[in-house]
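Colleague: Any chance you could fold what I've pasted below:
(one chain, ligands or ions: 2)
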Amino acid sequence: MKHTSIFDHDLHIHSYVSMCSNDPQQNPQRILQYAEENGLRDICLTDHFWDPDIPVVDNFFVAGPWPAFARSQPLPQSDNVKFHFGCEADLDRNMVLGVTPERYDDLDLIIIATTHMHMKYMTIGKEYCSVEGRAEMYVKRLDAVLNMDLPFHKVSIAHPTCSLIAPGENFPNTDWQDHMRVLDLIPDATYRELFGKMARLGVGFELNFEPNQYTAEDLPRILRPHLIAKECGCKFYFGSDAHHPAGLDTAMARFHRMAELVGVCEEEDIFRPFD
Ligand SMILES: [Zn+2]
Ligand SMILES: [Zn+2]
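Modeller: Residues are numbered from 1 along each chain as shown. Ligands and ions are numbered 1, 2, ... in the order given. Next up, the predicted model:
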């Protein structure tokens, strides 16, 4: 497909099917309307999914069996917008991915959230709860995904710098600095190894942070991994991670700010899993 703008997609969107949305207003028709109004060409529904066939330690996100998870299908389409069906998948603390190979063909995109470390018993285990332990797990979890046998052309990594990396012990009363402390502990060379591997495999790197939440002093700490990923040749995409219509309404302005900060400006910087 010929793309005339890099701001023509949003590949990480939740609907009411995700328990953390549970908002009847956040339905496929409303999401399609958002795409139409903002000139998007490709959007992807990525509700949380954990395959019930895979035993799970303790999952917040179990969405029930496939028919319940996939009840939004068929997704509404329009002349201008292609509405794809994907999922946001988790990795448990034993590095088991919550999607079985039998499901790969049913999903246009598999976004893997290696940074859902707020679910500490499920995703990291007690012994890794410190900032240092979380830094170790950040690296191990991403590396584990990149060593799997996955259809990498339609695999991406969700919100690589999100605050869920270290929400503090009293979540949701987060110590806002903690996720930055974790990211600070990972050396450039380690990021380079991980992101270089992502670039070689063609795994997408999600742009999904809120620049306005960071002070001028803190912003470089969030940008450092992004800039290294850019240097490594990673392909990026925008993800609003909207759970409610309000999240859709602010998405485009955020996409533009993130692109400017990370220096994502060319078509060749963009992850295109559907082309
Ligand atoms: Zn997520
Ligand atoms: Zn999400």
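Colleague: Show me the residue sitting in the middle of this protein in space.
Modeller: In the chain, the centroid-proximal residue (CA atoms, centre = their mean) is residue 158; its distance is 1.8 Å.
Colleague: list the contacts for it?
Modeller: Residues in contact with residue 158 (CB atoms under 8 Å, 6 or more residues apart in numbering) are 12, 88, 111-115, 206, 208, 239, 241. No exception for glycine: its C-beta is placed from N, CA and C like everyone else's.
Colleague: Any idea which residue of the stretch 51-200 of the chain lies closest to ligand 2?
Modeller: residue 88 (4.7 Å; CB to the ion).
Colleague: Now do the residue nearest to the centre of the chain against ligand 1, distance only.
Modeller: 5 Å (CB to the ion, to the nearest Å).
Colleague: The stretch 101-250 of the chain: helices as residue ranges?
Modeller: Secondary structure of the stretch 101-250 of the chain (DSSP state H, counting those that start in this stretch): helices located at 120-123, 131-146, 178-185, 188-201, 219-231, 245-249.
Colleague: Figure out which of those is closest to residue 95.
Modeller: Closest to residue 95 of these, according to CB to CB: helix 131-146, at 4.1 Å.
Colleague: hmm, who's touching that closest one?
Modeller: Applying CB under 8 Å, 6+ apart, the contact partners of helix 131-146 are 91, 95, 97, 112, 114-115, 117, 123-124, 127-128, 155, 157, 160, 165-166, 178, 181-183, 185-186, 190, 194, 197-198, 201, 203.
Colleague: What is the three-state secondary structure of the residue of the chain most remote from its centre?
Modeller: Within the chain, residue 79 marks the point farthest from the mean C-alpha position, 26.9 Å out by CA atoms, centre = their mean. Each residue gets one of three states, and residue 79 gets coil by DSSP: H, G, I helix; E, B strand; the rest coil.
Colleague: Same check on residue 12?
Modeller: On the three-state scheme (three-state DSSP), residue 12 is labelled strand.
Colleague: That one: neighbouring residues, count only.
Modeller: The local packing of residue 12 (other CB atoms under 10 Å) involves 28 other residues.
Colleague: what does residue 187 give?
Modeller: Around residue 187 there are 11 residues (other CB under 10 Å).
Colleague: going forward can the numbers begin at 303, since that is how I track them
Modeller: Taking 303 as the first residue, the last one we looked at is residue 489.
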